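# Pasting the sequence and the predicted coordinates here, then a few questions.
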Amino acid sequence: MNLTALGFNTYFEEQMIEYKKQTKLVNCVPARVTLEHKHSYRVLAEEGEWLATVAGHFAYTSLAREDFPAVGDWVLVEKMPGEEKAIIHQLFKRKSVFSRKVAGQEIQEQIVASNVDIVLLVMSLNADFNIRRLERYLIAAWDSGAKPIIVLTKADLCANVSDKVRDVESVAFGVDIFVTSAYSGEGLMDIRALFTDGVTGALLGSSGAGKSTLTNMLSGEELMKVSDIREDDAKGRHTTTHRELVVLPEGGCLIDTPGMRELQLWDQGDSLASSFQDIEQLSAVCHYRDCTHQKEPHCAVQQAIADGELEESRLQSYFKLQKELAFIERKTNTQARLNEQRKWKQIAKGLKKGKKK
């Protein structure tokens, strides 16, 4: 496997040289995580594909979920002699990362895909079409460091494609939009052209949006199981149950991910402005600098709603996401302080043990 084709570039090469200088990991080679199991990983290196586990020191110094490898990560591994297994000693700094809050009440980050160049936000044009959900995905995509691209699937099941595209354009400023159909083949060649050697893309979207179908089309084989949509509500069934990186035959890599019925945002407040440029621009001409866009006089945002230039539902979505991100920021700041305290406790404990010896 050619590492350059797999996405290994100067950003990672410079890190590898520095790591080897500092740690003397001379027997280690770079590898990319293609699959994450419960306590192990599948990694792809120049010499082959191996099952890998993290070294004891790596696990001891990792305090949070994001400190461990995720699908798409580059790691330094040491192959075990005579076995198709390896030990992960070092995690490379990520070039980009698409994150979300873990499901439930727990305040923790879950890395969905890392080191991707393009994030393909997949949404079907059938009854599961949802602009408010797309707004969430756009915030996370802008924050990831990768280029967001919108892929509208199942065009053959939609009678008013142009209307739906206009709806998407009204919230996706400066984002390329591709309309596709697995049935007719529309748009699939355009998607395939995005992937060249060294380019990694991640497919993200809700269940049944057509991500697995796209993966199969791009790879040229049935890599992912595909299910029909439910007849009662036109929503998809879960098909992909895990994140996996696949190497495409015509160049590039693709990460397919399980469908998410709801994407809970993770500390992505800085990207809110990028996704809601229309509201941000209107805010700049409000009479009051600290206008909340609710009951203040001479509010440009409320005037735009009255004039029919801005939908009330979009403003309410903006308020909801703003509140959600503020909550996450408060919680993560508290969590960061606790992690820092835990780190210094571990260091102090290690120093005490050293003195006793």
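Good, I have the coordinates.

# Count residues in the vicinity of residue 220, would you?
Neighbour count of residue 220, defined by other C-beta atoms under 10 Å: 11. Any C-beta I mention is one placed from the backbone N, CA and C, and that applies to glycine too.

# Tell me how many other residues crowd residue 81.
Using other C-beta under 10 Å: residue 81 sits among 7 other residues.

# next one: residue 2
10.

# For residue 210, see how far away residue 282 is.
Counting by C-beta to C-beta, to the nearest Å, the separation of residue 282 from residue 210 is 35 Å.

# So between the two, which is more surrounded?
residue 210 (26 against 22).

# looking at the sheet around the closest residue to that one other than its chain neighbours, what are its partners?
Nearest residue to residue 210 in three dimensions, chain neighbours excluded: residue 153, at 3.6 Å (C-beta to C-beta, 6 or more residues apart in numbering). Residues in a beta bridge with residue 153, per DSSP bridges, are residue 124.

# show me what contacts residue 153?
Contacts were defined as C-beta atoms under 8 Å, 6 or more residues apart in numbering; by that measure residue 153 touches 122-125, 180-182, 209-210, 213-214.

# Recalculate using a threshold of 10 Å.
122-126, 128, 178-182, 186-187, 205, 208-211, 213-214 (C-beta atoms under 10 Å, 6 or more residues apart in numbering).

# cool, residue 286 as well?
Residue 286 makes contact with 292-293, 296-303, according to C-beta under 10 Å, 6+ apart.

# pretty sure residue 178 is touching residue 148, no?
No: look at residue 178 against residue 148 with C-beta atoms under 10 Å: they stay out of range, at 11.9 Å.

# joint contacts of the two?
With C-beta under 10 Å, 6+ apart, residue 178 and residue 148 have common neighbours residue 120.

# Comparing those two, which shows the higher neighbour count?
Remark: of residue 178 and residue 148, residue 148 carries more neighbours, 24 against 17, as counted by other C-beta under 10 Å.

# quick one: contacts for that one?
Residue 148 sits next to 98, 118-121, 137-142, 172, 174-176, 204, 274-275 when contact means C-beta under 10 Å, 6+ apart.

# and it, backbone torsions?
Note on residue 148: its backbone torsions stand at phi -80, psi 140 [degrees, to the nearest 10].

# Pull out the buried residues from the contacts of residue 148.
Of the members of those, the ones counted as buried by neighbours, 16 or more other C-beta atoms under 10 Å, are 98, 118-121, 137-142, 172, 175, 204, 274-275.

# Nearest to residue 25, out of the residues you listed: which one, please.
Taking C-beta to C-beta as the measure, residue 25 lies nearest residue 98 of the buried ones among the contacts of residue 148, at 28.4 Å.
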